[in-house]
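Enquirer: I'll drop the sequence and a predicted model, then ask my questions.
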Amino acid sequence: RMTPVVRTPEGQLLQDSTEIIDYMEARFPEPSVYPSAPAQRLAALLLEAYVHDWVRIPAMYYRWGFPEHNHDYLIREFGRMYEPTASIEDQAALGDSSSAWTRERLPSLGVTSRTIPEFEVWTERLLGWLDGHFSRHDYLLGARPCTADFTLMGPFYGHLYRDPYSHGLLKRLAPHVIRWVERMNSAPEAGGNYLPEDEVPNSVLPILRHAFEEYVPVAYDTVGRVSAWIEQSPGEPIPRFLGRQRFTIGSVTENRTVWTCIQYMIQRPLKLYQSANKVDKAAMDRLLSDIGPNCNLDFVVSRPVKRENYKLVAAP
């Protein structure tokens, strides 16, 4: 079972948030969720990739790491999702069994007794960055949500906002993030736009800085592993998981599973940057300079991937 899935009026089935958004962008191009200005577009794709992998870690940890607060609520919600017409008792039993696979995924994301304190510290820093940002801006890049806002809604609305323990954390540390979630779930006001003159707010830079410090090295390592697998297994669908890799969170280095979907996300900002014309690349380079040193987007993806029949495969 995979979520989300969209069925179009013509009967086409779409699975995966990015694929769904890109389909809708092609079908309904205005208003776009991709900024047209180069630095903002790069920021949106970098944030999208970072959130897709790194921010889901605290979402999963805070969901399953506090069973005394969350367990009864979660098994009811899982049961209600799978069998909305069943009795409350049957929903609870089904929810308990059907949620086991996701509860058991924490170690695959690198959540261990050694990393938990570091993930908690980083999550509170992230909430502080986002709360400060949303106290001044309606969305990540101005008065219109971009693709990164929708990606951020996955872990925030789906997990942190709705689960009892983490909702209390948001109320205590990030009330402006709560208001952003509720704004995202409301009908948009007409006329909103991204910030003028290709501005990427300074309040977003700490998040991007952290992405380059801890997420990007993992993403590049993943691309290397996926490329090696494609060379050894040409024509085969790429497995969802591919061995183990080292990563660092705060002061701790630990092992986690290689999630191959990371390549699908990181190759998007890499392609944008590496294929940009001289003027656009100069704007992107100014953004990278503002983020900090060693923000390298020259990493070459030797074997790009694409989604085909709901699986990752090597692109031609």
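Expert: Yep, it's here. Numbers count the residues shown, from 1 in each chain.
Enquirer: got the buried residues for stretch 214-222?
Expert: Neighbour-count burial for stretch 214-222, counted by 16 or more other CB atoms under 10 Å, picks out 214-216, 218-220, 222. In this view, the C-beta of every residue, glycine as well, is placed from N, C-alpha and C.
Enquirer: List just the nearest of the residues you listed to L160.
Expert: Nearest to L160 among the buried residues of stretch 214-222: Y215, at 18.1 Å, using CB to CB.
Enquirer: so where's the stretch 51-200 of the chain uncertain?
Expert: Low-confidence segments of the stretch 51-200 of the chain (pLDDT under 70): none present.
Enquirer: looking at it, S203 is touching D131, isn't it?
Expert: No - if you go by CB atoms under 8 Å, S203 and D131 don't touch, sitting 9.7 Å apart.
Enquirer: can you map out the helices along this structure?
Expert: For the chain, applying DSSP state H gives helices covering 17-27, 38-50, 56-64, 67-82, 88-98, 100-103, 116-134, 147-155, 164-173, 175-184, 205-210, 216-232, 261-274, 278-291.
Enquirer: Let's check: the centremost residue of the chain is which one?
Expert: H52 (1.7 Å; CA atoms, centre = their mean).
Enquirer: quick one: contacts for that one?
Expert: With contact set as CB atoms under 8 Å, 6 or more residues apart in numbering, H52 has these partners: 18, 151, 154, 261-262, 265.
Enquirer: Mind picking the two most distant members of those?
Expert: G154 and I262 (14.8 Å).
Enquirer: More neighbours: which of the two?
Expert: Neighbours were counted for G154 and for I262 using other CB atoms under 10 Å; I262 has more, 23 against 17.
Enquirer: Who are the contact partners of that one?
Expert: By CB under 8 Å, 6+ apart, the contact set of I262 is 49, 52-53, 218-219, 222-223.
Enquirer: Then L272?
Expert: Here L272 is in contact with 41-42, 45 (CB under 8 Å, 6+ apart).
Enquirer: ok, it to L160 distance?
Expert: L272 is 29 Å from L160, where distance means CB to CB, to the nearest Å.
Enquirer: Repeat that for D131.
Expert: The value you get for D131 to L160, if CB to CB is used, is 13 Å.
Enquirer: So between those two, which is more surrounded?
Expert: More neighbours surround L160 than the other of D131 and L160, with 24 against 19 (other CB under 10 Å).
Enquirer: which residue sits closest to that one, ignoring its sequence neighbours?
Expert: S166 (4.2 Å; CB to CB, 6 or more residues apart in numbering).
Enquirer: Just give me the neighbour total for the one you found.
Expert: By other CB under 10 Å, neighbour count at S166 equals 25.
Enquirer: That one against F156, yeah?
Expert: No - S166 lies out of contact with F156 (CB under 8 Å); the separation is 9.2 Å.
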